[in-house]
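Undergrad: sequence first, predicted model second:
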Amino acid sequence: MVQHVACWAHARRYLFDEFERTKSPITEEGPRQIQALYAIEAELHGLPLEHRHAERQAHSKPMLVALRDWMEAQRRRLSSKSDPGKALQYALGRWDALTRYLDDGRLSIDNNLAERLLRGIAVTRKNFLFLGIYTIAETAKLNSHDLEAYITTVLGRLAKSHLASRIHDLLPWNLSPEAQAVAVG
């Protein structure tokens, strides 16, 4: 099953931009609390997935509960049409997707790495007709796949009438290198 995971860098940016514009204490507090979550993530970088999950549950989850309570209280005080109100609503409206990283040590708090990897493509995206292929290719590399073997496997399975309802089986994190070797061999 594919689930949406939202990016805290985007949520933080909306609040930070509002703080830069208004210097409001409300818009200063949100980025400060989000930065504390990033500090935890910095300590977890490179650690085993299980350890990241456990630490997030112990430290990040309580902070996120407090952050949500704070955001909801501030949102009630502000007009939904005000820019700070819209910034808070952006995060609250995506809360489940923003907090999904807590439950899976493989997930990141943001998509900054993916965006950096795709920056070269984004700069010249008008020159690329098949941008989605590049996204899959970079994701396959991040999941330790031999790119040529991975693409050969996926195209081979699609050519053999792979069920559309099972397309998630072909995603880079679901297709093991061992299954890939069997399919290519």
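TA: All right, it came through fine.
Undergrad: ok, how many other residues are close to residue 49?
TA: Residue 49 has 12 neighbouring residues, counting by other CB atoms under 10 Å. In this view, the C-beta of every residue, glycine as well, is placed from N, C-alpha and C.
Undergrad: that one and residue 4, how far apart?
TA: 20 Å (CB to CB, to the nearest Å).
Undergrad: which positions in the top helix by length along the chain come out as buried?
TA: Assignment by DSSP state H gives helix 25-44 as the longest helix of the chain. Neighbour-count burial for helix 25-44, with 16 or more other CB atoms under 10 Å as criterion, is recorded at 26, 27, 29, 30, 31, 33, 34, 37, 40, 41, 44.
Undergrad: correct me, but the third one touches residue 70?
TA: Yes - checked against CB atoms under 8 Å, the pair residue 29 and residue 70 is within contact range at 6.9 Å.
Undergrad: how about the buried residues of helix 25-44 in JSON lines, adding pLDDT and distance to residue 99?
TA: Below are the buried residues of helix 25-44 laid out as JSON lines (pLDDT from 0 to 100; distance: CB to CB, whole Å):
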{"residue": "26", "pLDDT": "74", "distance to residue 99": "21"}
{"residue": "27", "pLDDT": "76", "distance to residue 99": "21"}
{"residue": "29", "pLDDT": "87", "distance to residue 99": "19"}
{"residue": "30", "pLDDT": "88", "distance to residue 99": "15"}
{"residue": "31", "pLDDT": "89", "distance to residue 99": "17"}
{"residue": "33", "pLDDT": "93", "distance to residue 99": "13"}
{"residue": "34", "pLDDT": "94", "distance to residue 99": "12"}
{"residue": "37", "pLDDT": "97", "distance to residue 99": "10"}
{"residue": "40", "pLDDT": "97", "distance to residue 99": "13"}
{"residue": "41", "pLDDT": "96", "distance to residue 99": "13"}
{"residue": "44", "pLDDT": "95", "distance to residue 99": "16"}
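Undergrad: I'd like the domain boundaries of this structure, if you could list them.
TA: With automatic domain parsing as the criterion, the domains of the chain are listed as 8-110, 113-184.
Undergrad: state the mean pLDDT of the helix or strand containing residue 153.
TA: Element membership for residue 153 (DSSP states H and E) is helix 147-159. Taken as a whole, helix 147-159 has an average pLDDT of 84.
Undergrad: which among the buried residues of helix 25-44 gets closest to residue 10?
TA: Closest approach between the buried residues of helix 25-44 and residue 10, by CB to CB: residue 34, at 10.7 Å.
Undergrad: chain neighbours aside, what residue packs nearest to that closest one?
TA: For residue 34, ignoring the flanking residues on the chain, the nearest one in space by CB to CB, 6 or more residues apart in numbering is residue 12 at 4.4 Å.
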